[in-house]
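> Any chance you could fold what I've pasted below:
(one chain, ligands or ions: 1)
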Amino acid sequence: MNVAEAVGATLARCGVDTVFGVVGSGNFHSTNAMVAAGARYVAARHEGGAATMADAYARTSGAVSALSLHQGCGLTNALTGITEAAKSRTPLVVLTAEATSTRSNFAVDQAGLAAAVGALSMRVTVPEDAAGTAAAAVATARDERRVVVLNLPLDVQGQEAGNATPPPWAPRPVPPPDPAQVERLADALRRARRPVFVAGRGARAARGELEALADRCGALLATSAVAKGLFRGSPWDLDVSGGFATPLAAELISGADLIVGWGCQLNMWTMRHGRLIAGNAVVVQVDLEAEALGAQRPITFGVCGDVTAVAGAVTAAWGDEATGYRTPEMRRAIAQRGRWRDESLDAEAAGDLVDPRALTIALDDLLPAERLVAVDSGNFMGYPSMFLDVPDEQGFCFTQAFQSVGLGLATAIGAALARPDRLPVAALGDGGALMGASELETVVRLGLPMLVVVYDDAAYGAEVHHFGPGGHPLDAVRFPETDFAAIARGYGFGAVTARRVDDLDAVAAWLAGPRSTPLLVDAKITRDQPSWWLEEAFRGH
Ligand SMILES: Cc1ncc(C[n+]2csc(CCOP(=O)(O)OP(=O)(O)O)c2C)c(N)n1
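Numbers count the residues shown, from 1 in each chain. Alright, predicted model coming up:
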């Protein structure tokens, strides 16, 4: 077995069940070796799409995923998606060929590129260690929740690797939380009258433990955007904290006397630049990593440990149940005003354009509850994030740590492959849709029963609303009308142009049918008003 084969086989044997990529000469054999060892290969049409698919697949499945790339330009094409994954601490192995001659057209400093975007870099240099190095890449990605770029030099790939059996892997044990820190948190919770829990990425697997503790201490429950859906079904669920928060959620979070960020850094987005935190509120952060404590904002104190373990330890130390923030009136208020669609809406119909909020509410009514929503970046992104309900945290995939436009469609594809039981919905702006359009072919080829909704305002709306009020020229960010329905049909989608809510009858018909082809809704939306969350976003620039 040669090195390329040993590395590919080892990745699959270490539990990587799906690999995304674009195959060229440099990663042909290693990718085929993964498939021969039992992994599924998903061909994307651009490495940028492949990287985000792998990221979304790992986030949704909870497993390490892999990305397979040609040397040099394959890696550079994938860098935006790799950066998003690295910022999000997605466990991902990037298997990339590497040119070894400086005379090669493909030669670039691949280790330097990885370091520049926050990924770790490994290289197979000794043929006999190929399997061990590949196994170490998977273990590191999994244990440290990191993106690992595994470089496979061209001149090593064909050499004899010897024994390709990977060393056994055991999860690295997480040290238990310090009892003194646990007691300090329990004490703060006992004193609190209006506690709120905000769960983030690091709490996505801890719903049961957090709810058990919140039941004892009377805490209301919220999440950051990446954990949206985590507490769905609880009568105390405030949904997302931050720019997407409902008026009621914002009011209640800013009324809290104790906020605990569980696996959540309480950053400027989640806390509206601190405006959701009352001046006298106690702020506690629970995080696996000591460096994360207080990294985004001042906190009263931090608890270092696994969210599940810390919540369990505090619950075990708890006495009688406290009312906390949970009164019958509070329960009624959340039932009546807990969702964005409970707010009154002055829909603005403008000629043959549809109000994006009314359109999204109508979609929410039509779509089955078992859905999976992915959103791209742009002015429009609040509409699907706030008006489309999701069944749980796996029903929402939010690849926005790098705030890149163009990742939405690939996000939906990767997540859909991890949860084939759910209806995938990709919500895109017209700018993001065109950036990621090559993956429309992937949706059709894979037979995904996906609904793609393009919120078309014929502009980079975020920029129009950012700079328009200042009287600046906007020619650089406005575009002619694009016929997305025609583009989609060209790829093999069904498609409908929506200028009124009634045009969504075509979606109802599609939902009632076999969904043998995906459907794209080209929604021509009103464009005069910025979305209300955008003002918040611009504070971050
Ligand atoms: C890769 C990338 N390029 C540029 C930007 C700056 N940017 C932020 S939002 C936006 C406009 C996106 O337009 P569209 O997808 O049509 O959504 P809209 O804002 O119109 O709702 C741009 C260009 C970015 N965030 N990412």
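> In contact with whatever residue of the stretch 251-400 of the chain ends up closest to the ligand, which residues?
In the stretch 251-400 of the chain, the residue that lies nearest the ligand is Gly378 (2.4 Å; C-beta to the nearest ligand atom). To be clear about C-beta, it is placed using only N, CA and C from the backbone, and glycine gets the same treatment. Going by C-beta atoms under 8 Å, 6 or more residues apart in numbering, Gly378 touches Val405, Gly429, Gly431, Gly432, Tyr455, Tyr460, Gly461, Ala462.
> For the residue nearest to it when sequence neighbours are not counted, give me its contacts.
In space, Gly378 comes closest to Gly429 once its chain neighbours are excluded; the distance is 3.6 Å by C-beta to C-beta, 6 or more residues apart in numbering. By C-beta under 8 Å, 6+ apart, Gly429 lies in contact with 376-381, 405, 454-457, 460-461.
> what separates Thr10 from Val23, distance-wise?
Computed with C-beta to C-beta, to the nearest Å, the distance linking Thr10 and Val23 is 19 Å.
> Spell out which parts of this protein neighbour the ligand.
For the chain, the residues in contact with the ligand (C-beta under 6 Å from any ligand atom) are 377-380, 403-406, 429-432, 455, 457, 459-463.
> Now a PyMOL select for only the buried ones of those residues.
One line in PyMOL is enough to select the buried ones among the residues of the chain next to the ligand; burial here means 16 or more other C-beta atoms under 10 Å:
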select buried, resi 377+378+379+380+404+405+406+429+430+431+432+455+457+459+460+461+462+463
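> Now do the helices in the stretch 51-200 of the chain.
73-77, 79-87, 110-116, 130-144, 154-157, 179-191 (DSSP state H, counting those that start in this stretch).
> Low-confidence bits of the stretch 401-541 of the chain, can you list those?
532-533, 535-541 (pLDDT under 70).
> What ranges does it have for its strands?
Secondary structure of the stretch 401-541 of the chain, counting by DSSP state E, counting those that start in this stretch: strands at 423-429, 451-456, 494-498, 519-524.
> Mind pulling up the pLDDT for Glu343?
Reported pLDDT at Glu343 in the predicted model: 88.
> which residues sit in contact with it?
Glu343 touches Thr246, Pro247, Arg337, counting by C-beta under 8 Å, 6+ apart.
> Now do the first one against Gly338, distance only.
Taking C-beta to C-beta as the criterion, Thr246 is separated from Gly338 by 7 Å.
> what touches both of the two?
Leu238, Asp239.
> Quick check: buried residues in stretch 337-353?
Gly338, Arg339, Trp340, Arg341, Leu353.
> How far off centre is that stretch?
26 Å (C-alpha atoms, centre = their mean, to the nearest Å).
> Now that stretch - C-alpha only, PDB.
The C-alpha trace of stretch 337-353 is given here as PDB (Å, rounded to 0.1, in the frame of the first residue of the first chain):
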ATOM      1  CA  ARG A 337     -45.000  37.100  22.300                       C
ATOM      2  CA  GLY A 338     -42.200  34.500  22.200                       C
ATOM      3  CA  ARG A 339     -41.900  34.500  18.400                       C
ATOM      4  CA  TRP A 340     -41.200  37.200  15.900                       C
ATOM      5  CA  ARG A 341     -44.400  36.500  14.000                       C
ATOM      6  CA  ASP A 342     -46.300  37.400  17.200                       C
ATOM      7  CA  GLU A 343     -45.300  41.000  16.600                       C
ATOM      8  CA  SER A 344     -47.600  43.100  14.400                       C
ATOM      9  CA  LEU A 345     -46.400  43.600  10.900                       C
ATOM     10  CA  ASP A 346     -47.000  46.500   8.600                       C
ATOM     11  CA  ALA A 347     -46.300  44.600   5.400                       C
ATOM     12  CA  GLU A 348     -45.300  46.900   2.600                       C
ATOM     13  CA  ALA A 349     -46.400  45.700  -0.800                       C
ATOM     14  CA  ALA A 350     -44.800  47.700  -3.500                       C
ATOM     15  CA  GLY A 351     -46.200  47.100  -7.000                       C
ATOM     16  CA  ASP A 352     -45.000  43.700  -8.100                       C
ATOM     17  CA  LEU A 353     -42.600  43.200  -5.200                       C
END
